[in-house]
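> model this:
(chains A and B)
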Amino acid sequence: MTHGLLGGGYPLREKNAAFDKPIEPLPPPPRVVLPMPLQGGVPCRPGVKAGDYVTVGQKIAEGLPAVHTPIAGRVSTVSPQVQPSGTSVLSVVVDNDFSGALCPAVRPPENPDRLTARQLLSRLESSGITEWNAPHLPIHKKIAAGMGRADTVIINACESEPYLAANNRLALEYPEQLLGGAGVLARLYGVDRVHIALEREKREAIQVLRAKIQELRAPAVVDALSLRYPQSAEKPLCRALTGRRTPPGASAAAIGCAVVDAPAAAALYEAVFHGRPLTHRIVTVAGSGIQAPRNLLCPVGVPIRFLLDACGGVDPKTFKILLGGPMTGHAQYDMDAPLDSSAAAVLAFCADEERSSAHPRCIRCGRCVSVCPVGLRPVVLYRYEQAGRLDRLRQAGLADCIECGACTYVCPGRAPLLQSFRTAKERLGKEEA
Amino acid sequence: MNYSKLNLTGSSAPHIRTASGTRQMMAAVLTALLPALGFAVYNFGPRPAVNALVSIAGCCVCELLFRLARRQDMTVGDLSAAVTGLLLALSCPVTVPYWLLLLGDLIAIVVVKQLFGGIGRNLLNPALAAQTLLALLWRGEMTLWTAPHTAVPLWGAVDAAAMPAPLELLRANDLAGLRELYSLPELLVGLTSGAAGEVSALLLMAGGLFLIGRRTISWRIPAAFLGTAAILTFVFAWGNDRTEWMLCQLLSGGLLLAAFFMAADPVTSPISPAGQLLYGAGCGFLTVLLRYYGPLAEGAGCAVLLMNLLARPLDAYLLTGHIDRPALPELPKMAGKSKTKHL
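Here you go, the predicted model:
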């Protein structure tokens, strides 16, 4: 089954240097920084204190989501540490003793194949699995909310942004885990088969998955989609796959779809069949400032500097280091900030990728309208924002903007569209509060 | 590695942008017009090229001085002034006096474009508005057509080689006279008299298709424009052979230049797909109407200018966006009707 899709920009065609690089493990880092998840703006209390000895996979906080340490060693401090957002958050810092001692709680359950949906769900409660676009929503909460309401379950194996290659490598190198996750999702949602959606350009990954599905008789089907950025956004993806449109203001659940991203699906399998919590991520390190782009299997919480070091450092002319993809990622200043569970890339730029202008100017070309994945009119929204018309912005559907940045990417006049929409959203939020 | 020595900056996402900016779009338009200019040089000697350079320079200087005087940022680099200059030179007769060309540049850049706020804010296509005004005020100079294969001197005009443009013969409903002067293939290739850049239908179409292929312009506007003009001239052929009449109409005058390079100018045309189709169709309809009944032989210019004025109102109604909402804005309920119902 293949589909065309409305809108979407073309950033997928930007050269992807890491697409064919195999996954390599990051050399064990000397320490990890594990921020406590925020609940109502307050970090939850960690279950360990400075001086405690922790082992791989040990749960150190009961928050939403639960936090597990990816390395074994002694807790050196429990104190506020700088985060990728620039703020400091209460964190547990673990110094690696390089022993790799495994926590006794990490063990495969008995008869994982016989668990009911309820039992499966309770196994996921302490797995710490989240999706890249919802780092504060534990996967068991999301699944519990959608169970019984979804007839189409989709594993989203599309890359969320240009430059990223993690999902491609995951499908190529860990197809059993991905299909195992599909099996778990099929049981949870009570569907016969799970759709695995990826871009048509990933020919090799599609072949590998299709062959594995046959071999394992997995309850899954591969959908090669003809997609443009933002291909991994839920609404466009559901529409491409099912033809159903999500009403404004609603989520995919409203149209009977459940979307789980590929890393989370693979983590489901690991949690259910091996009892392993989510402690590692595949991260693409790339960009013009990186000499040797790579895909690294990294422990969550590793300071960004160790990822850059593993790729031979950055070009001295590098002026921007991003955590996350180039379309929605955050610029970093402090390389001691830890990799969080939602980042699929670390990028360094030393060339003119940004092409910003000191004097941006809309020329009414309308490209932004043709690429908006949710059918907004950025050109009109921008004019309202410039005129300070918040009422008009609300009417025009500003709240439905998914902040993918496609409009800003294509704008020939280099207008700061997304930036202005974010400002307007903040002002609207304040006005309503 | 020591990362503290890096000079790191921050900014709002996205952190990458397409290479195709306003400057690249305008450069594409200039490129697409070059073949037509080259053919003009082949037809009339070096004068069209000199005209083009003078006009481009005139537009750039006008824009530069205006923005300097207003202490605004410099926009000459986006090449939009150069496009205006080239379009104006190509839509005037080869023998147009330089002073007239420069006056046109002044009108186009200062009055039509910059006084409205510069690129993106002007309501009318600057080159077209200036050319139309010149054609109305300096009718003699602006309708002095030179026969093909005439070397035009760099100064002055060549009265001896003057020849009626195909459009003037069509206006007199003299298809036989046109056939005597030019064959259809000659009209297509451009071996006719007429404005410097308007003669070669073939090369203009090639340039237009190049722009459509690069998505610099929308295909809908030229398609609706030319399609409507073709249908109307085919239906109302004044007793001539319908196909021949239609083809002669399409291939003569400024129709193709207007359809591909002026009507499709993104700044002054609608954004919504439906609006673009309506706008193109309106251009085609008005062109035929003005060619048949208007004050000048050519109608395409005034037609596009009139539709320019409608571009933003069309968007106000048809650019509704939001895929999941009704396609048309709800009309206000009629107050009177509901009142009577309740009474």
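> any idea which residue sits dead centre in chain B?
The centroid of chain B falls nearest to residue B:262 when counting by Cα atoms, centre = their mean (1.7 Å).
> close enough to count as contact, that residue and residue B:305?
No - using Cβ atoms under 8 Å, residue B:262 is not in contact with residue B:305, being 9.0 Å away. To be clear about C-beta, it is placed using only N, CA and C from the backbone, and glycine gets the same treatment.
> return every residue with contacts to both of those two.
B:125, B:128 (Cβ atoms under 8 Å, 6 or more residues apart in numbering or on different chains).
> can I see the domain layout of chain A?
As recorded under automatic domain parsing, the domains making up chain A are A:11-16+A:111-274, A:367-432.
> ok, which of the ones you listed comes nearest residue A:69?
Among these, domain A:11-16+A:111-274 comes nearest to residue A:69, with 10.5 Å by Cβ to Cβ.
> tell me the spacing between the most far-flung residue of chain A relative to its centre and residue B:318.
Computed with Cα atoms, centre = their mean, the residue of chain A farthest from its C-alpha average is residue A:387, at 34.6 Å. For residue A:387, the distance to residue B:318 equals 21 Å [Cβ to Cβ, to the nearest Å].
> try residue B:60
Distance from residue B:60 to residue B:318, by Cβ to Cβ: 35 Å.
> assumed residue B:42 was part of a strand.
No - according to DSSP: H, G, I helix; E, B strand; the rest coil, residue B:42 belongs to no strand; its state is helix.
> for it, the count of nearby residues, please.
Around residue B:42 there are 14 other residues, counting by other Cβ atoms under 10 Å in any protein chain shown.
> report the contact partners of the residue nearest to the centre of chain B.
Residue B:262 makes contact with B:87, B:125, B:127-128, B:301, B:304, according to Cβ under 8 Å, 6+ apart.
> tell me where the stretch 1-150 of chain B has helices.
B:22-44, B:47-69, B:80-90, B:98-106, B:126-137, B:139-142 (DSSP state H, counting those that start in this stretch).
> turn these into TSV, including distance to chain A.
Shown next, in TSV, are these (distance: least, Cβ to the nearest Cβ, whole Å):
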stretch	distance to chain A
helix B:22-44	5
helix B:47-69	11
helix B:80-90	8
helix B:98-106	20
helix B:126-137	13
helix B:139-142	29
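> highest mean neighbour count out of those?
helix B:80-90 (a mean of 29; mean count of other Cβ atoms under 10 Å in any protein chain shown).
> run the chain-centre distance for stretch A:89-106.
For stretch A:89-106, the separation from the chain centroid amounts to 24 Å (computed by Cα atoms, centre = their mean, to the nearest Å).
> quick check: end-to-end length of it?
One end of stretch A:89-106 to the other measures 27 Å (Cα to Cα, to the nearest Å).
> helix or strand for residue A:209, which one?
In this structure, residue A:209 sits in helix A:203-216 according to DSSP states H and E.
> that helix: which residues count as buried?
Neighbour counts over helix A:203-216 (16 or more other Cβ atoms under 10 Å in any protein chain shown) mark A:205-206, A:208-210, A:212-213 as buried.
> equivalent analysis for stretch A:22-40, please.
Residues of stretch A:22-40 classed as buried: A:23, A:26, A:28-29, A:31-37 (neighbour count, 16+ other Cβ under 10 Å).
> just flag the most distant two among these.
Every pair of the buried residues of stretch A:22-40 checked by Cβ to Cβ; the farthest is A:23 and A:36, at 28.7 Å.
> how near is the residue farthest from the centre of chain A to residue B:113?
22 Å.
> low pLDDT regions in the stretch 1-150 of chain B?
Residues of the stretch 1-150 of chain B meeting the criterion pLDDT under 70: none.
> chain A contacts on the stretch 101-250 of chain B?
B:118-120, B:218 (Cβ under 8 Å from any Cβ of the partner chain).
> a markdown table for these, including neighbour count?
Output for those, formatted as a markdown table (neighbours: other Cβ atoms under 10 Å in any protein chain shown):
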| residue | neighbour count |
| --- | --- |
| B:118 | 23 |
| B:119 | 23 |
| B:120 | 20 |
| B:218 | 25 |
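> OK, contacts around whatever residue of the stretch 151-300 of chain B ends up closest to chain A?
Closest to chain A within the stretch 151-300 of chain B is residue B:271: 3.3 Å, counting by Cβ to the nearest Cβ. Residue B:271 sits next to A:364-366, A:369, A:377, A:379, B:315, B:319 when contact means Cβ under 8 Å, 6+ apart.
> swap in 7 Å and give it another go.
Residue B:271 makes contact with A:364, A:366, A:369, A:379, B:315, B:319 under the criterion Cβ atoms under 7 Å, 6 or more residues apart in numbering or on different chains.
> nearest to residue A:283 among the residues you listed?
Nearest to residue A:283 out of the contacts of residue B:271 is residue A:369 (Cβ to Cβ; 34.2 Å).
> for that closest one, give me its contacts.
Counting by Cβ under 7 Å, 6+ apart, residue A:369 has contacts A:377-379, B:271, B:321.
> need the max-distance pair from those.
A:378 and B:271 (10.5 Å).
> any idea how far residue A:155 is from the residue farthest from the centre of chain A?
According to Cβ to Cβ, residue A:387 and residue A:155 sit 43 Å apart.
> and residue 168, how many neighbours does it have?
In the absence of a named chain, chain A is used. Using other Cβ under 10 Å: residue A:168 sits among 27 other residues.
> um, chain B though
Neighbours of residue B:168 (other Cβ under 10 Å): 21.
> can you classify it as helix, strand or coil?
With three-state DSSP as the basis, residue B:168 sits in helix.
> and the residue nearest to it when sequence neighbours are not counted, what helix or strand is that in?
Of all residues not flanking residue B:168 in the chain, residue B:297 sits nearest, at 4.9 Å (Cβ to Cβ, 6 or more residues apart in numbering or on different chains). Using DSSP H and E, residue B:297 sits in no helix or strand.
> distance of residue B:297 relative to residue B:259?
Distance from residue B:297 to residue B:259, by Cβ to Cβ: 17 Å.
> min pLDDT across the contacts of residue B:271, which one?
Of all the contacts of residue B:271, residue B:319 carries the smallest pLDDT score, 83.
> could you find the closest non-adjacent residue to that residue?
residue B:272 (3.9 Å).
> how many other residues sit next to the one you found?
Neighbours of residue B:272 using other Cβ under 10 Å come to 21.
> now do residue A:317
Neighbours around residue A:317, by other Cβ under 10 Å: 12.
> any idea how far it lies from residue B:7?
With Cβ to Cβ as the criterion, residue A:317 and residue B:7 are 9 Å apart.
> show me the contacts for the spatially most central residue of chain A.
What sits nearest the mean C-alpha location of chain A, by Cα atoms, centre = their mean, is residue A:132, with 2.2 Å. Listed by Cβ under 7 Å, 6+ apart, the contact set of residue A:132 reads A:160, A:261, A:342, A:344.
> per-residue confidence at the closest residue to it other than its chain neighbours?
In space, and not counting its chain neighbours, residue A:132 is closest to residue A:342: 4.7 Å by Cβ to Cβ, 6+ apart. On pLDDT, residue A:342 comes in at 79.
> am I right that residue A:342 is in contact with residue A:136?
No - contact criterion Cβ atoms under 7 Å: residue A:342 and residue A:136 do not qualify, at 9.2 Å.
> who has more neighbours, the two?
Just comparing residue A:342 and residue A:136: by other Cβ under 10 Å the higher neighbour count belongs to residue A:342, 18 against 13.
> tell me which element the more buried one falls in.
Using DSSP H and E, residue A:342 sits in no helix or strand.
> residue A:24 now?
Using DSSP H and E, residue A:24 sits in strand A:23-25.
> adjacent strands (with direction) for that strand?
Sheet pairing of strand A:23-25 (DSSP bridges) gives strand A:294-299 (parallel).
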